[in-house]
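Asker: What follows is a predicted protein model with its sequence.
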Amino acid sequence: MHRWLSLILLGAAFFFPLQARAQSPTTLTSLKVELWPEYDQPSMLVIYDFKLPDSLKLPVNISVRFPKDANLIAVASQTTDGSLLNTDYVGPSVGDTWQTVTVQIQTQATYHMEYYEPLAKQGKVRQFSYLWPGDYAINDFSVSVRIPIDTSNFTTNPVLEAIQSSDGTPYLAKDFGPLRAGQQWPLQLTYTKTSETLAASQQHLQPSQPLGANTPGRVMLSNYLPYVLGALGFALIIGGSIYFWQSSRGRRLHGGGRQRHGGPKEEPIDGEFYCHQCGTRAQMTDHFCRVCGAKLKLPE
């Protein structure tokens, strides 16, 4: 009996550690959190960029929690050229405090997530509280905050370092290194804003290369000038033809004397007799011009 009990305990000692390791949470290689206050909406845009270890066997599901009052707008994966492609996800499912979205990781890539969250406003003062809930262990955790325009007294807790991007936009940022699974990370920020202007409305788009006749999508008048001239010439020909046709028709209607219908036909008289007003040929029995109505001067 003791021998069988020892074998069962020994088997359990090998089985349960393996099972615990199989169910251990996935570790994120990196997680970059970006906070963009009042960028293109009067709220906080929160951006996640995270990556999983290359050695992780795929596919795998990653569940990310975010605040209940937030609005999820994007879940994507990043390609090698830096562009974003929509990726499959489930949710978000809403709980008491959090919403949860489950991202289906299919490839070794950087995954991207965006949501908007309200700012607390009191007059010109803005406040915002961010919290990473500690769902996964992270080897490299970093945070950056984009400073909006027309602001002053911008403070964060913990304190971040001032940097400037390549386009001149001021940021506060810091790399905080690894975080344990279950370790929460809070951030408080406060600033004063003197206007309601959003940062995106102040940006001016610049072409990535000089514009020319061969620039894709550009419409040049010179490219269509032959077609425009051809259509104009065709319209002139049609208009001229209609004009001459109407003119010749008018001459046919008014050129010669009309025959009278409904009365006895009178024999023509030798010689010529014409209206002195319009020149229309008349008959000897006419007293008025059949065309212009002028009183005829009868020949003596």
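Answerer: Looks like it arrived, so ask away.

Asker: Show the contacting residues for the most centrally placed residue in the chain.
Answerer: In the chain, the residue lying closest to the centroid (CA atoms, centre = their mean) is residue 40, at 13.3 Å. By CB atoms under 8 Å, 6 or more residues apart in numbering, residue 40 lies in contact with 198, 199, 200, 201. No exception for glycine: its C-beta is placed from N, CA and C like everyone else's.

Asker: if we go to 6 Å?
Answerer: 198, 200 (CB atoms under 6 Å, 6 or more residues apart in numbering).

Asker: give me phi/psi at it?
Answerer: Note on residue 40: its backbone torsions stand at phi -120, psi 0 [degrees, to the nearest 10].

Asker: From residue 240, how far off is it?
Answerer: 57 Å (CB to CB, to the nearest Å).

Asker: With residue 78 instead?
Answerer: Taken as CB to CB, the span from residue 78 to residue 240 is 63 Å.

Asker: Compare neighbour counts for these two and give me the winner.
Answerer: residue 78 (16 against 10; other CB atoms under 10 Å).

Asker: what number of residues lie near the closest residue to that one other than its chain neighbours?
Answerer: Nearest residue to residue 78 in three dimensions, chain neighbours excluded: residue 110, at 4.2 Å (CB to CB, 6 or more residues apart in numbering). Number of residues near residue 110 (other CB under 10 Å) recorded here: 17.

Asker: Pull the contacting residues for residue 110.
Answerer: For residue 110, counting by CB under 6 Å, 6+ apart, the contacting residues are 49, 51, 78.

Asker: where along the stretch 151-300 of the chain do the helices fall?
Answerer: Remark: helices assigned in the stretch 151-300 of the chain by DSSP state H, counting those that start in this stretch are 221-255.

Asker: Could you list the low-pLDDT ranges of the stretch 201-300 of the chain?
Answerer: Counting by pLDDT under 70, the stretch 201-300 of the chain contains low-confidence ranges at 202-225, 247-273, 298-300.

Asker: let's see 50
Answerer: 204-208, 211, 217-219, 256-269 (pLDDT under 50).

Asker: likewise the stretch 1-150 of the chain?
Answerer: Residue ranges of the stretch 1-150 of the chain with pLDDT under 50: 1-2, 4-24.

Asker: Could you give the bridge partners of the nearest residue to residue 71 once chain neighbours are set aside?
Answerer: Spatial nearest neighbour of residue 71, chain neighbours left out: residue 116 (4.7 Å); criterion: CB to CB, 6+ apart. Counting by DSSP bridges, residue 116 is bridged to residue 45, residue 71.

Asker: how close does residue 116 get to residue 129?
Answerer: Residue 116 sits at a distance of 15 Å from residue 129 (criterion: CB to CB).

Asker: Tell me which of the two has more neighbours.
Answerer: Of the pair residue 116 and residue 129, residue 116 is the one with more neighbours under other CB under 10 Å, namely 19 against 13.

Asker: Roughly how far does the more buried one sit from residue 295?
Answerer: 92 Å.

Asker: about what we covered before: could I get the contacts of residue 110 as JSON lines with secondary structure?
Answerer: Formatted as JSON lines, the contacts of residue 110 follow (DSSP: H, G, I helix; E, B strand; the rest coil):
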{"residue": "49", "secondary structure": "strand"}
{"residue": "51", "secondary structure": "strand"}
{"residue": "78", "secondary structure": "strand"}
